[in-house]
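Q: Using only what follows, build the 3D model:
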Amino acid sequence: MPHILVGVTSCLFALILTPFALRLACRIGALDKPGGRKIHKEPKPLLGGLAVFLAFWLSVAIFLPFLGGGRELLGLFFGTTIILVLGIVDDLKRLSYKIKFAGQALAVLVVLLFNIRIQFLNLPFQGTIFLGAFVIPLTVLWLVGVTNAVNLIDGVDGLASGVAAINAVVIAYLTWGEIPLVTFMALALAGAVLGFLPYNFSPAKIFLGDAGSLFLGFTLAVLAIMGLTKQVTFTTLLVPVLVLGLPIADTLFAILRRLKNKKPVFQADRGHLHHKLLDWGLSTRQTVLLLYLSSGYFGLSAILVDRLESFYWAFLPLLAGFVLLNFRQDSRPQTQRNTLDR
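A: Down below sits the predicted model:
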């Protein structure tokens with residue numbers, strides 16, 4: 001019962017707190033102005049991530065006595081607090097990518113100090129492989145990679161928040177009955193995001209901002225380490241990647257696309273999957289709903305792989321679709337679309 005109630009409570013907190021975050025953003029000038037590759041046509045308040053953060057941690061604090069906590073929970077709290085502050089400063093000041101990576105590295109260091117790390121992998125036909133000296137490099141790569149992957153898909157109203165909710169629900173399902181604390185935290189995160197989503201779905205009244213998208217990515221990455229990488233099956237290698245398949249795939253193809261076009265990897269472009277779908281004529285809502293289905297497909301694949309341990313082919317069609325969408329040369333000219341639907 002506490003697992004269900006924590007999700008409901010965090011949802012209610014987000015519904016209540018988001019309007020306050022919206023007014024605060026307008027008061028301090030935390031606005032995302034249109035222009036460049038952005039598709040919205042008028043300034044939008046940021047700081048939605050602050051409401052999600054507060055809703056998540058307030059609900060966890062209320063129900064934590066039912067489960068108890070530990071070092072990992074403290075590590076997640078301190079790490080996400082650093083990420084939130086970094087994101088808020090970035091929303092207000094527009095930090096360079098070097099400073100953002102430095103802040104993320106500090107957050108990663110904190111969770112490492114609290115013993116949140118990927119310590120082993122289980123590979124088909126190889127058994128358990130303890131990582132030894134590669135524990136820290138692999139953990140850093142995972143945390144920084146997923147954090148920024150979720151940040152990169154936050155380009156359309158409601159996309160990053162909805163995908164994060166789907167990812168959190170899948171993590172909760174995969175850890176249900178085995179790692180109660182992770183299930184508890186995942187449902188709290190899903191509830192907080194779902195409470196925020198009515199304000200963020202197209203046409204959005206408020207954006208997550210970097211504070212929100214970085215917080216969601218970092219939290220999902222940590223929960224995956226706390227839960228999914230501790231199962232003693234070969235799926236420790238595959239399941240976390242599948243759960244977060246949509247942002248990971250989009251980020252990987254963005255890197256390959258920029259290398260192919262001889263552009264800096266950190267240079268933003270309008271070649272992400274959601275941009276392509278908009279350019280092909282889909283409305284904002286159609287684009288987001290299609291990508292929700294894709295994320296759900298990845299999640300279902302993760303569940304089947306985890307349960308059946310042989311369901312490799314379940315995710316291949318979607319990966320092939322990503323390849324085609326990111327590398328084919330479409331004959332139609334690109335069009336700029338409003339975030340409002342017809």
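Q: which stretches of the stretch 1-150 of the chain form strands?
A: 31-32, 44-45, 120-123, 127-130 (DSSP state E, counting those that start in this stretch).
Q: ok now do the residue lying closest to F13 once chain neighbours are set aside, which residues does it touch?
A: On the basis of Cβ to Cβ, 6 or more residues apart in numbering, the spatially nearest residue to F13 that is not a chain neighbour turns out to be A55, at 3.6 Å. From N, CA and C alone the C-beta is placed, and that goes for glycine too. Residues in contact with A55 (Cβ atoms under 8 Å, 6 or more residues apart in numbering) are S10, C11, F13, A14, L17, G191, A192, G195, F196.
Q: what's the farthest-apart pair in those?
A: L17 and G191 (12.5 Å; Cβ to Cβ).
Q: So these two - more neighbours on which side?
A: G191 (28 against 21; other Cβ atoms under 10 Å).
Q: Look up how far F13 lies from that one.
A: Distance of G191 to F13, given as Cβ to Cβ, to the nearest Å: 8 Å.
Q: just for the stretch 51-200 of the chain, where's the confidence low?
A: The stretch 51-200 of the chain contains residues with pLDDT under 70 at 68-69, 120-131.
Q: Could you do the stretch 201-342 of the chain as well?
A: Using pLDDT under 70, the stretch 201-342 of the chain drops low at 229-237, 257-258, 260-262, 264-272, 274-275, 278-279, 281, 309-342.
Q: make it 50
A: Scanning the stretch 201-342 of the chain for pLDDT under 50 picks out the ranges 232-235, 328-342.
Q: centre of the chain versus stretch 57-77, how much separation?
A: 20 Å (Cα atoms, centre = their mean, to the nearest Å).
Q: And for stretch 240-256?
A: 11 Å.
Q: ditto for stretch 146-164
A: With Cα atoms, centre = their mean as the basis, the mean position of stretch 146-164 lies at 6 Å from the chain mean.
Q: Just the endpoints, please. Distance across that stretch?
A: One end of stretch 146-164 to the other measures 11 Å (Cα to Cα, to the nearest Å).
Q: Quick one: the helices in the chain, in order.
A: Along the chain, the stretches classed as helices by DSSP state H are 2-28, 48-63, 71-93, 97-113, 135-152, 159-175, 180-200, 209-227, 239-243, 245-260, 273-279, 284-308, 316-327.
Q: Common neighbours of G191 and F13, please.
A: A55, S59.
Q: now the residue nearest to P45 when sequence neighbours are not counted: how far from D210?
A: Sequence neighbours aside, A25 is the residue nearest to P45 in space, at 3.6 Å (criterion: Cβ to Cβ, 6+ apart). In this view, A25 and D210 are 13 Å apart by Cβ to Cβ.
Q: And for I82?
A: I82 is 13 Å from D210, by Cβ to Cβ.
Q: just to revisit the earlier point, can you list residues touching both of A25 and D210?
A: By Cβ under 8 Å, 6+ apart, the residues touching both A25 and D210 are L46.
Q: for stretch 21-38, the distance to its chain's centre please.
A: The chain centre lies 21 Å from the centre of stretch 21-38; the measure is Cα atoms, centre = their mean.
Q: Thanks a lot, see you next time.
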